[in-house]
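Asks: Quick one, structure for this:
(4 chains, ligands or ions: 4)
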There are 2 protein chains.
Amino acid sequence: MHTHGNPKVSSSAEEYLLTLYRLESSGERAGSSQLAKMFGVKAPSVTGMLRRLSERGWVRYQRYRPPELTEEGRRVAVYLVRRHRLLETFLVRFLDYSWEEVHEEVQQLEHTVSDSLLNHIDRKLGHPNYDPHGDPIPDEHGNMPEHKLVPLTRLEEGSQAEVGRVDNRSRHLLTVLGEIGAFPGANVTRLAGTSNGKLSVRVGRREIQIDGDVARLIWVKPNRSGSAAS
Amino acid sequence: MHTHGNPKVSSSAEEYLLTLYRLESSGERAGSSQLAKMFGVKAPSVTGMLRRLSERGWVRYQRYRPPELTEEGRRVAVYLVRRHRLLETFLVRFLDYSWEEVHEEVQQLEHTVSDSLLNHIDRKLGHPNYDPHGDPIPDEHGNMPEHKLVPLTRLEEGSQAEVGRVDNRSRHLLTVLGEIGAFPGANVTRLAGTSNGKLSVRVGRREIQIDGDVARLIWVKPNRSGSAAS
DNA sequence: TGACTAAGTTCGTCATGCCTAACTTTGAAC
DNA sequence: GTTCAAAGTTAGGCATGACGAACTTAGTCA
Ligand SMILES: [Mn+2]
Ligand SMILES: [Mn+2]
Ligand SMILES: [Mn+2]
Ligand SMILES: [Mn+2]
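Replies: Ligands and ions are numbered 1, 2, ... in the order given. Coordinates of the predicted model:
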C-alpha cells in the first residue's frame, strides 16, 4: 500500500535508499567506494546500482559525484525507517530482544514484512512514536515526531533530565546503559565533577562515569528548569 | 543453524522444496507444467530450477520424470514447515490474525525469518506442537508430533469428539468453522440425520450442516468411547 | 504400428546483483 | 600548470530466475 505505485524494490535497492537517507539525515555524503564498504560489496557494484536507482527515479546521480535521493526516493526511505523502527520496537516489547541485538535482527525483516503485518504490529504496539533507542517512528504519511533533546554533555551539573535517545552506533554503550537501566524515559542526574574528560551521572541509585565522546551520544530532555550550559 | 552447512537457499528454491514436500506428503506427484501453474511461472523456468536443485542435491530429477526430494531436500523442507507453522501460530496468537489469513501472510516471512527470531517466537509460544489449523509443528530435529485423527465423516452418529485438524485448503471452510468456534480443541458432536449428503454437527450450542466433501476435511479425535464407523 | 497431442526440454535472451581487470576522472600537491 | 594517486567508471563475466519460440518425448488411440 504505502509503496505507492512503485514497480517493486529489491532488498538491495532498499538498503541503498535507507543508507543514503541516513547519510543525508546526518549531513554526511559518501561516494561509491565508501558506500561499497558500507554494503560489503565492491565499487563497481555500487556504480551499477546507482545507475539503476537513478533510472527508477529514486536517486539523482551524475557520474563521479556523490548521489542524492530524489523526493520519491526519500519517501520510500522514510517508509523503510518506519518499518525498521516499528520492528525494533516489536522485537523488544514482544519478543524479549535486547536493544543491542535488535538493529541487526531487523536488517532482513524490514525488507520482507508486508504492509498488513506492519499494521498489525503497529496496532498491537499502540502506534508508538519512538523506538527502543528513542528514535522517532514516522507515521503512515512519513511525518516524523520530533523531540527537542540536548546531548548529555550540555546538561548543567546538578540538573535532572529524562533520557530521550541513545545513539545506537555504539553497541557497547547500549550494553552499559542497558545494565543500569538508562533507557529512554529513565531519569538521570548530572553530578558535579568532571575528572579527566569523564562526567558523572546518576541513574536510579547508581552512578557511572561516562567519557565525553560517549556522553555526546546520549540525548536527554532536561526537567522543566533551565539547564543548557557549556 | 538448522540449515546445516547448506550453501544458501533462495526463497524460490525453498518454495519448490516446500511444495514438493507437501505433494509427497499427500501422495501426489506433479510434473513441470503442473508445478509451473502452482508457482505462477512458465514450464521452462521449472525445468531450470529443478536442474539447479538437483545439482545441489535436494531433488532427484531425470528429465521427463516427476522430481523427487532427496533426504537432504526433505530435511530442508521440514525445517521450512516448522518455520511456516510456528509463524502462523505466532501471528494468530500474538497479532490477532485469523486462521484464514495467516497462511498467505506467512508465505514471504517463512523465507526470511532468522533462526534467532524463530527461536524467540518458539519460546514465547511455549514450544507449541500444533499450528492454528491443527497441523503438527516439527521440532528442531525435524520430528513431527503425530496425532491419530479420524475424518468427521467417520465419526459415529451421536458421538462426541474434539476437533483436531482442519484442512486449510478451503478458506471458506475456515471462515465458516471460525464463526462457530470450531477450532482445534473445540468439542463437536455428530448428530443423527444425514439429509442429502450433508451431516449435522453440534459445536457449543450451535448446529450446522456440513457437506460430505467438506466434512472430510475436518479431522477429529473421538472422545474415549469407540466411534469409528462407515 | 503409427500418428498425434500434451507434456516437457532446450536455446537464446533479459534483468538483477555481484565480481575482476582495465581504464578515466578528479582534485590536491608541487 | 603538470603530475599522480585515489576515487570512480566501464567492460566483460558469472549465477539466479524468469521469458518465448522451437524442438523432443511419451503415451494414447486408431
Ligand atoms: Mn536491511
Ligand atoms: Mn533504533
Ligand atoms: Mn513461501
Ligand atoms: Mn497451518
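Asks: Every contact and neighbour count from this point should use C-alpha atoms.
Replies: Fine.
Asks: Show me how the record splits chain A into domains.
Replies: A:1-146, A:150-222 (automatic domain parsing).
Asks: I'd like the mean pLDDT over the longest one, please.
Replies: Across domain A:1-146, pLDDT averages out at 94.
Asks: if we can go back for a sec, of the domains of chain A, which approaches B:Asp213 most closely?
Replies: Nearest to B:Asp213 among the domains of chain A is domain A:1-146 (32.6 Å), distances taken as CA to CA.
Asks: quick revisit: out of the domains of chain A, the one nearest DNA strand C is which?
Replies: Closest of the domains of chain A to DNA strand C is domain A:1-146, at 3.6 Å (criterion: CA to the nearest atom of the strand).
Asks: and the closest one, does that touch DNA strand D?
Replies: Yes. Using CA under 7 Å from any atom of the strand, domain A:1-146 reaches DNA strand D at A:30-34, A:43-44, A:46-48, A:62-66.
Asks: Columns mean neighbour count on top of the domains of chain A, output as CSV?
Replies: CSV is the format used below for the domains of chain A (neighbours: other CA atoms under 10 Å in any protein chain shown):
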stretch, mean neighbour count
domain A:1-146, 17
domain A:150-222, 18
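Asks: Save the ones you listed as CSV, and put in distance to DNA strand C too.
Replies: Shown next, in CSV, are those (distance: least, CA to the nearest atom of the strand, whole Å):
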stretch, distance to DNA strand C
domain A:1-146, 4
domain A:150-222, 23
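Asks: B:Ala192: which of those domains is closest?
Replies: B:Ala192 lies closest, by CA to CA, to one member of the domains of chain A: domain A:1-146, at 42.5 Å.
Asks: How far off centre is the closest one?
Replies: 10 Å (CA atoms, centre = their mean, to the nearest Å).
Asks: go on, stretch A:156-169?
Replies: With CA atoms, centre = their mean, you get 16 Å for stretch A:156-169.
Asks: For that stretch, which outside residues touch it?
Replies: Residues from elsewhere that reach stretch A:156-169 (CA atoms under 8 Å, 6 or more residues apart in numbering or on different chains): A:100, A:133-135, A:149, A:155, A:174, A:182-192, A:217-223, A:227-230.
Asks: go with 6 Å
Replies: The contact list for stretch A:156-169, computed with CA atoms under 6 Å, 6 or more residues apart in numbering or on different chains, reads A:133-134, A:184-192, A:217-223, A:227, A:229.
Asks: Next step: the residues you listed restricted to helices.
Replies: Among the contacts of stretch A:156-169, none falls in helices (DSSP state H).
Asks: Give me the most central residue, chain A.
Replies: Most central in chain A under CA atoms, centre = their mean is A:Asp135, positioned 5.3 Å from the mean C-alpha point.
Asks: where's that residue relative to A:Pro184, distance?
Replies: To A:Pro184, A:Asp135 is 10 Å away according to CA to CA, to the nearest Å.
Asks: before we move on, what about A:Tyr21?
Replies: 24 Å.
Asks: With A:Arg52 instead?
Replies: 39 Å.
Asks: After the helix or strand A:Tyr21 falls within, which helix or strand is next?
Replies: Element membership of A:Tyr21, judged by DSSP states H and E, is helix A:11-25. Sequence order places helix A:32-39 as the next helix or strand after helix A:11-25, per DSSP H and E.
Asks: Residues contacting that following helix, please?
Replies: Contacts for helix A:32-39 (CA under 6 Å, 6+ apart): A:Lys42, A:Ala43, A:Val46.
Asks: Let's have those residues in a markdown table, adding secondary structure.
Replies: Converted to a markdown table, those look like this (DSSP: H, G, I helix; E, B strand; the rest coil):
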| residue | secondary structure |
| --- | --- |
| A:Lys42 | coil |
| A:Ala43 | helix |
| A:Val46 | helix |
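Asks: Which SSE is immediately downstream of the longest helix anywhere in chain A?
Replies: Assignment by DSSP H gives helix A:71-95 as the longest helix of chain A. Next in sequence after helix A:71-95, counting helices and strands by DSSP H and E, comes helix A:102-109.
Asks: quick check, that following helix touching chain B?
Replies: No. Using CA under 6 Å from any CA of the partner chain, helix A:102-109 stays clear of chain B, with a minimum separation of 6.6 Å.
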